[in-house]
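Asker: A structural model of the following input is requested.
(one chain, ligands or ions: 3)
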Amino acid sequence: MRFDKVIAGGNVVTPGGTFTGDVGIVGEKIAALGATLDREGAQVIDARGHHVIPGVLDVHVHLELPFCGTVSADDYRSGTRAGARGGVTTVIDFAIPSAGGTLADAADTWMKKAEGKSLIDYTFHICITRWNDHKDQIAGMVERGFTTFKEFMIYESEGWQSDDRALYGTLEKMKELGAMLLVHAESSRVLDELISRHHTAEEMKRLGARLHAITRPNFVEAEAIQRAVQWCEATGGQLYIVHMSTAEGTDIIRAAQARDVPVIAETCVQYLVLDDSVFAREDGHLYACCPQLKKPADSERLWQGLRRGEVSVISTDTCTFTREQKAMWEGDWTKIPMGMPGLETLLPLTYTRGVLEGRLTLEEMCMKLSTNPARIMGLAPRKGAIQIGADADLAIIHPTSTRRVASGKGGEMETNADWSPYEGWDLAGFARTTLSRGEVVVDDYKVVGREGRGQWLRRESAGLRIPVGGRRLEVGAGASGESYRQPPTSHPPLAGAR
Ligand code: URP
Ligand code: ZN
Ligand code: ZN
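Answerer: Numbers count the residues shown, from 1 in each chain. Ligands and ions are numbered 1, 2, ... in the order given. The predicted structure is shown next:
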């Protein structure tokens, strides 16, 4: 068989096992896997001494989002360039209706943001912000190829908040339509009460950005997850908890899955590698995100949840604000634009802190960053795994060589942020090469792909019922539901590293 490209001699992670050998590409697709493929006439990309892994899906990003009185600073150009540099080949953003707007208007608005700018493939979760207006528009959006919806249990001031009636009704619709509801779970009334109790000049002077953490104790997230899970159990509608940050939340998900409740949980990499001690820094306000960073014990429980299976996905919740935008706080933590850059460092952080530090195997990492997100979001088998017939979305990473994270735009970073939560961290796992649908978009750590080449991804399904009963709670890799087979060690010896 003749190939257009052969990725040669890498440590290839596939659902059927990890092997040293070649990936053959014809057009946009993976056409063959083997120890040594025919290289005649093919462009050969040397992957010796490197891991060849499926392109990452970051299924939780906010690009060019109007939020907190400003607009997030990474758009589809900078955001997807940053993603590609970190091995990300698909993003899913959130299309949020404007005041009075329909769900279709929101999708059209986000399509326009992405078209002509996105370097990699993309789609959107559709946000339901006014249940009475939006409930009869959901089926039409499913027909249009959007199978995931989102509701926020907070953000009344943004006009985005959903109440229990909306959550319950939407979950009923999800069951009827085979779609999935993503929920931002925080308890709004208690959160508002805690914020108002601490919102005094004296406390703001004394505690500064630390108030961001003080006013959001873990029970604010736990109570809301518990409530959303209750409506999920009552209706049978597929639920996906976004950016879960607490140990308590993880325990609730584990217990619910043991009862066969159709709930899936995502965490974000910042909750795994950072904690709320950053708020004591002079520039601590930069780290304000929503939900906020928690304690080291929460991070440990989330890592455990990833290993045991109750946490299925790692994403970023990328919502970038520059130093100038963050300065809008002027000493009042309730005015900090909430969110951080993330797309560029998702894979390097997960690989370095997860795989190299022994918290996850290489195969488990691929499951949480690629295979599970693709399957859960209705993009498998086209995306998320190195298998014949799938899109040739691949990241080639060196197993150990590190790059130092720069402060943001201006160095080798592609994000529009002029700071990084990880500045000065030495991370392995940046993509030496990224391929998107068979095309090299990152070469020798530099972005070479053309903006606007990314395609919108139509979807027909979403969610899954997670198998329970003593078995590892894990999402299968392909249509067959098989899981990744792991080699005896997570770091097989590699020859010829460049
Ligand atoms: O802090 C963040 N990430 N803000 C974005 C909005 C959200 O709640 O996901
Ligand atoms: Zn959120
Ligand atoms: Zn978000």
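Asker: excluding covalently adjacent residues, which one is nearest to residue 99?
Answerer: Of all residues not flanking residue 99 in the chain, residue 159 sits nearest, at 5.7 Å (Cβ to Cβ, 6 or more residues apart in numbering). C-betas here are computed from N, CA, C, even on glycine.
Asker: and for residue 158?
Answerer: Closest to residue 158 by Cβ to Cβ, 6+ apart is residue 67, at 6.9 Å.
Asker: just residue 222 next, same as before
Answerer: Per Cβ to Cβ, 6+ apart, closest to residue 222 is residue 248, 3.7 Å.
Asker: thought residue 224 was touching that neighbour, still the case?
Answerer: No: applying Cβ atoms under 8 Å, one finds residue 248 not in contact with residue 224, separated by 10.8 Å.
Asker: the more surrounded of these two?
Answerer: residue 224 (24 against 20; other Cβ atoms under 10 Å).
Asker: any idea how far residue 141 is from the more buried one?
Answerer: 25 Å (Cβ to Cβ, to the nearest Å).
Asker: with residue 451 instead?
Answerer: Per Cβ to Cβ, residue 451 is found 27 Å from residue 141.
Asker: so these two - more neighbours on which side?
Answerer: residue 141 (24 against 15).
Asker: so which residues of the stretch 351-498 of the chain form helices?
Answerer: 362-366, 372-376 (DSSP state H, counting those that start in this stretch).
Asker: can you tell me which residues in the chain are near ligand 1?
Answerer: Residues of the chain lying close to ligand 1 by Cβ under 6 Å from any ligand atom are 62, 184, 289-290, 317, 319, 338-339.
Asker: could I get those residues as CSV with pLDDT?
Answerer: Shown next, in CSV, are the residues of the chain next to ligand 1 (pLDDT from 0 to 100):
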residue, pLDDT
62, 98
184, 98
289, 98
290, 98
317, 98
319, 98
338, 98
339, 98
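Asker: ok so, going back, residues near the residue nearest to residue 158, how many?
Answerer: Count around residue 67 with other Cβ under 10 Å applied: 19.
Asker: show me what contacts it?
Answerer: By Cβ atoms under 8 Å, 6 or more residues apart in numbering, the contact set of residue 67 is 158, 319, 337-339.
Asker: give me that answer again for 7 Å
Answerer: 158, 319, 337 (Cβ atoms under 7 Å, 6 or more residues apart in numbering).
Asker: which residues of this protein score low on pLDDT?
Answerer: 465-498 (pLDDT under 70).
Asker: beta-bridge partners for residue 446, please?
Answerer: residue 443 (DSSP bridges).
Asker: counting neighbours, what do you get for it?
Answerer: 10.
Asker: now do residue 112
Answerer: Neighbours around residue 112, by other Cβ under 10 Å: 11.
Asker: next SSE after the host helix or strand of it?
Answerer: If you go by DSSP states H and E, residue 112 is part of helix 103-114. The helix or strand immediately downstream of helix 103-114 is strand 121-127, counting by DSSP H and E.
Asker: tell me what that next one is packed against?
Answerer: strand 88-95, helix 103-114, strand 148-152 (3 or more Cβ pairs under 7 Å, 6 or more residues apart in numbering; DSSP states H and E).
Asker: need those in a markdown table (columns: distance to residue 420).
Answerer: Formatted as a markdown table, these follow (distance: least, Cβ to Cβ, whole Å):
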| stretch | distance to residue 420 |
| --- | --- |
| strand 88-95 | 16 |
| helix 103-114 | 23 |
| strand 148-152 | 27 |
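Asker: which one of these lies nearest to residue 382?
Answerer: Residue 382 lies closest to strand 88-95 among those, at 9.6 Å (Cβ to Cβ).
Asker: which residues are in contact with that closest one?
Answerer: Outside strand 88-95, the residues touching it (Cβ under 7 Å, 6+ apart) are 55-63, 80, 83, 106-107, 109-110, 120-127, 150, 343, 346, 377, 379, 383, 393, 434, 436.
Asker: so what's whatever residue of the stretch 351-498 of the chain ends up closest to ligand 1 up against?
Answerer: As assessed by Cβ to the nearest ligand atom, ligand 1 sits closest to residue 421 within the stretch 351-498 of the chain, at 12.0 Å. Listed by Cβ under 7 Å, 6+ apart, the contact partners of residue 421 are 270, 274, 287, 340.
Asker: helix, strand or coil for the first one?
Answerer: In other words, residue 270. Going by DSSP: H, G, I helix; E, B strand; the rest coil, the secondary structure assigned to residue 270 is helix.
Asker: quick check, it in contact with residue 341.
Answerer: No: applying Cβ atoms under 7 Å, one finds residue 270 not in contact with residue 341, separated by 10.1 Å.
Asker: those two: which is more packed in?
Answerer: residue 341 (30 against 26).
Asker: enumerate every residue touching the more buried one.
Answerer: Contacts of residue 341 by Cβ under 7 Å, 6+ apart are 74, 318, 320, 415, 417, 420.
Asker: burial count for the second one?
Answerer: What it means is residue 318. By other Cβ under 10 Å, neighbour count at residue 318 equals 31.
Asker: give the contact list for it.
Answerer: 58, 61-62, 74, 79, 341-343.
Asker: ok, those residues vs ligand 1, which is closest?
Answerer: Closest approach between the contacts of residue 318 and ligand 1, by Cβ to the nearest ligand atom: residue 62, at 5.2 Å.
Asker: what sits closest to the closest one if chain neighbours are left out?
Answerer: Residue 62 sits nearest to residue 319 (Cβ to Cβ, 6+ apart), 4.2 Å away.
Asker: surely that neighbour and residue 336 touch.
Answerer: No: using Cβ under 7 Å, residue 319 makes no contact with residue 336, being 11.9 Å away.
Asker: now the residues of the chain next to ligand 1 as JSON lines including neighbour count and secondary structure?
Answerer: Listed next are those as JSON lines, based on neighbours: other Cβ atoms under 10 Å; DSSP: H, G, I helix; E, B strand; the rest coil:
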{"residue": "62", "neighbour count": "19", "secondary structure": "coil"}
{"residue": "184", "neighbour count": "24", "secondary structure": "strand"}
{"residue": "289", "neighbour count": "24", "secondary structure": "coil"}
{"residue": "290", "neighbour count": "21", "secondary structure": "coil"}
{"residue": "317", "neighbour count": "26", "secondary structure": "coil"}
{"residue": "319", "neighbour count": "24", "secondary structure": "coil"}
{"residue": "338", "neighbour count": "21", "secondary structure": "coil"}
{"residue": "339", "neighbour count": "24", "secondary structure": "coil"}
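Asker: quick check: the gap between the residue nearest to residue 99 and residue 45.
Answerer: Applying Cβ to Cβ to residue 159 and residue 45 gives a distance of 48 Å.
Asker: comparing these two, which residue is more hemmed in?
Answerer: When neighbours are counted by other Cβ under 10 Å, residue 159 and residue 45 differ, and residue 45 comes out ahead with 23 against 13.
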